[in-house]
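Q: how would this look folded up:
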Amino acid sequence: MNARASVKARINQAFQHVLGSNIKWVFPIFVLISWFSDLLLTLLTDQIIPFIAELFLEPEDYKNVPLDSITGVLLLAVVSLILFFLYRKGIRNYSYEDLFNILDGTEKNQKNILIFVLSPYKPYDIRKDLISEESVAVPPEKTGYETLEIFKNNIGNIQEDHSVSDLRTTRFQSNWLPPLRALEEYKDISDVIVITTDGTLGSFDQFSVFSKFLKTKFGDRNISVHKYDEYIKNRDIGDRCSKGLPSNNFKLFQKAVLHIIHNIDAEDGNNCTNVVADVTGGISYMTAVLSAASVKNGIELHYTDLNDFTSHNLDISAH
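A: Residues are numbered from 1 along each chain as shown. Reported below is the predicted structural model:
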C-alpha cells in the first residue's frame, strides 16, 4: 500500500473510531458543535467584533467593516479546530488492523469468476486410504497417469457424478485437482481465467488439456475457460508474456498479474467483488503475488488443503 493510500486509510479509520465505534461521542459532539456555533456566531456578531472595531476604528470607518465575512472566517476556523480534535482523538485508537476488512467468505453465490495459476501437470500417488466400499473402483496402478498424453487420452473416462475428492482414488489424482475443488465449492462460477507459466517446465502448452479436463468434469455447468492473455491489453507485457507468465522474473510476473486483474475489473465493472482467486497452485512467489493482488482489489481467496482436501476461503481487502 502506498503512502497516500495509507494516510487516507488512517484518516478514514480515525473518524470512524470517533463517530462509529465510539458511539457515545456522536450525540454530544454534534450537540456541542450546533450549540457552540450559534453561541459563537452571536458573540462574534454582537459583542466581540464590534468591541474590537471600536478600539481601533473611528465610528465612520466601523460602519464599513464586513462583519458577516469576518464572522464566517472565524466560525470556520473554530469548526476546523473541532474536527482536528476529532481526528487526533481517533488516530490514537488506530491500528494497522484497521487497514483491512476481513470477512469469512460466505457469499459464495456472488462469485462467478475464478482466477488461478495453473501448475505444470504432475501425477500424485493414488489415495488408497480414502477407499471404501462405496468409493470409486481402484485401479491396480499406484499413481496417477504418468504422462500428460496418457492423461489427455483418458479424460473421457471421468464420471461427472464423482466428487473431486473421489478423483483422488483414481488415476486422475494430480496437482490439477485443487482448481476443480474451488469450482466444486463455488457453484456459480461461470468463467475461469487460467494463468499459465512459461518455459519447458511451464504449463503454457498444457492449457488446452486442462480446459478439456475441466469442461468434461463440469460439463453440466457450461463454464467458459479463458487464457490469461485475453486480459492483457499492454503490448509490452503481452509480448514478454506471450508464452506464459515468467517463472523466473518476479517483477514481470507481479506486473502482469496486476494488469490482468485490472482488466478483469475494467471489463466486468463490478470492482472484482464477484471474483475468487485460488492460490493453491504455482510456486511460492506466485502464490504471494496473486494473494497480494487479490487483497488489494477485494478478491476473495481460496485454498485447498492438499492433506485432507478441505476447502478454505477468506475475503480480505485493503481499505
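Q: what about stretch 148-164, how long is it end to end?
A: Criterion CA to CA, to the nearest Å; first-to-last residue distance in stretch 148-164 is 19 Å.
Q: in it, what counts as buried?
A: Neighbour-count burial for stretch 148-164, with 16 or more other CB atoms under 10 Å as criterion, is recorded at 148, 151-152, 155, 158, 164. Any C-beta I mention is one placed from the backbone N, CA and C, and that applies to glycine too.
Q: let me have these in JSON lines, adding distance to Val279, secondary structure and pLDDT as columns.
A: JSON lines is the format used below for these (distance: CB to CB, whole Å; DSSP: H, G, I helix; E, B strand; the rest coil; pLDDT from 0 to 100):
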{"residue": "Leu148", "distance to Val279": "23", "secondary structure": "helix", "pLDDT": "95"}
{"residue": "Phe151", "distance to Val279": "24", "secondary structure": "helix", "pLDDT": "96"}
{"residue": "Lys152", "distance to Val279": "26", "secondary structure": "helix", "pLDDT": "96"}
{"residue": "Ile155", "distance to Val279": "25", "secondary structure": "helix", "pLDDT": "95"}
{"residue": "Ile158", "distance to Val279": "25", "secondary structure": "coil", "pLDDT": "88"}
{"residue": "Val164", "distance to Val279": "17", "secondary structure": "coil", "pLDDT": "91"}
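Q: ok, so of these, who is nearest Asn234?
A: Taking CB to CB as the measure, Asn234 lies nearest Leu148 of the buried residues of stretch 148-164, at 30.8 Å.
Q: the closest one: what's its closest spatial neighbour, skipping adjacent residues?
A: Distance criterion CB to CB, 6 or more residues apart in numbering; nearest residue to Leu148, sequence neighbours excluded, is Tyr121 at 4.8 Å.
Q: to what extent is Ser190 buried, counted in neighbours?
A: 13 (other CB atoms under 10 Å).
Q: so how far is Arg127 from it?
A: The gap separating Ser190 from Arg127 is 30 Å, by CB to CB, to the nearest Å.
Q: ok, Ala277 next?
A: Distance from Ala277 to Arg127, by CB to CB: 26 Å.
Q: and if you look at Arg181?
A: Separation of Arg181 from Arg127 (CB to CB): 14 Å.
Q: tell me the pLDDT at the closest residue to Phe151 other than its chain neighbours?
A: Leaving aside its sequence neighbours, Phe151 sits nearest to Tyr145 (CB to CB, 6+ apart; 4.0 Å). Tyr145 carries a pLDDT score of 93 in this model.
Q: so which helix or strand takes in Tyr145?
A: Assigned by DSSP states H and E, Tyr145 belongs to neither a helix nor a strand.
Q: Ser211 too?
A: Ser211 belongs to helix 207-217 when assigned by DSSP H and E.
Q: export that helix to CSV, keeping only CA atoms.
A: Once non-C-alpha atoms are left out, helix 207-217 reads as follows in CSV (Å, rounded to 0.1, in the frame of the first residue of the first chain):
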residue,chain,number,x,y,z
PHE,A,207,-3.8,-25.1,-21.3
SER,A,208,-5.9,-27.0,-23.8
VAL,A,209,-5.7,-30.3,-22.0
PHE,A,210,-6.6,-28.7,-18.7
SER,A,211,-9.5,-26.9,-20.3
LYS,A,212,-10.8,-30.2,-21.7
PHE,A,213,-10.4,-31.8,-18.3
LEU,A,214,-12.3,-29.0,-16.5
LYS,A,215,-15.1,-28.9,-19.1
THR,A,216,-15.5,-32.7,-19.0
LYS,A,217,-15.7,-32.8,-15.2
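Q: where does the chain dip in pLDDT?
A: Low-confidence segments of the chain, defined by pLDDT under 70: 1-41, 43-50, 52-75, 78-79, 82-83, 86-107, 132-139, 268-271, 315-319.
Q: quick check: domain ranges of it?
A: 3-94, 102-122+175-318 (automatic domain parsing).
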